[in-house]
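In: Sequence plus predicted model, see below.
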Amino acid sequence: MRGRKKTYTVTFSDTEDQTIRATAASLSQPYRDVQRARALVMCADHPDWSDAQVAAQIGVSDRMVRAWRKRWCETRSIQEAPRSGRPRVFSRCGVCPGH
């Protein structure tokens, strides 16, 4: 496919390839991890595909595929990026005070 050259090209080492493909085929891993792994496998197997083509196969937006591709190339991880801001705090008893 013609067009702009991809900034982030997905490649795997042998161990990463086994791990990512196992995650992509998993029925017990969190669904978000399976989706990310499937997208990365498609990006690696079809380097000529656009982010929109990969997204259409998986059922997500091309922005998500672009973000996952970038995160993989920068961190080699399919985990979510850390969130900004203060983490949520819950009381031990699980009941909100004053209710």
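Out: Received, thanks.

In: C-alpha from now on. contacts and neighbour counts both.
Out: OK.

In: so what does the host helix or strand of residue 72 touch, helix or strand wise?
Out: Assigning secondary structure by DSSP states H and E places residue 72 in helix 62-75. Judged by 3 or more Cα pairs under 8 Å, 6 or more residues apart in numbering; DSSP states H and E, the packing partners of helix 62-75 are helix 31-45, helix 51-58.

In: Just the CA atoms of that helix, as CSV, please.
Out: C-alpha atoms of helix 62-75 as CSV (Å, rounded to 0.1, in the frame of the first residue of the first chain):
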residue,chain,number,x,y,z
ASP,A,62,-6.9,3.7,14.2
ARG,A,63,-5.8,6.1,16.9
MET,A,64,-5.7,3.2,19.4
VAL,A,65,-3.7,1.1,17.0
ARG,A,66,-1.3,4.0,16.5
ALA,A,67,-0.9,4.5,20.2
TRP,A,68,-0.3,0.7,20.8
ARG,A,69,2.2,0.6,18.0
LYS,A,70,4.1,3.6,19.4
ARG,A,71,4.0,2.2,23.0
TRP,A,72,5.4,-1.1,21.9
CYS,A,73,8.2,0.5,20.0
GLU,A,74,9.1,2.8,22.9
THR,A,75,8.6,0.4,25.9
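
In: so how far is it from its chain's centroid?
Out: Distance of helix 62-75 from its chain centroid, counting by Cα atoms, centre = their mean, to the nearest Å, is 7 Å.

In: just the helices and strands packed on helix 62-75: most buried one?
Out: Greatest average neighbour count among these goes to helix 31-45 (a mean of 20), per mean count of other Cα atoms under 10 Å.

In: what sits up against it?
Out: Contacts to helix 31-45, defined as Cα atoms under 8 Å, 6 or more residues apart in numbering, come from residues 9-12, 20-21, 23-26, 49, 54-55, 58, 65, 68-69, 78-79.
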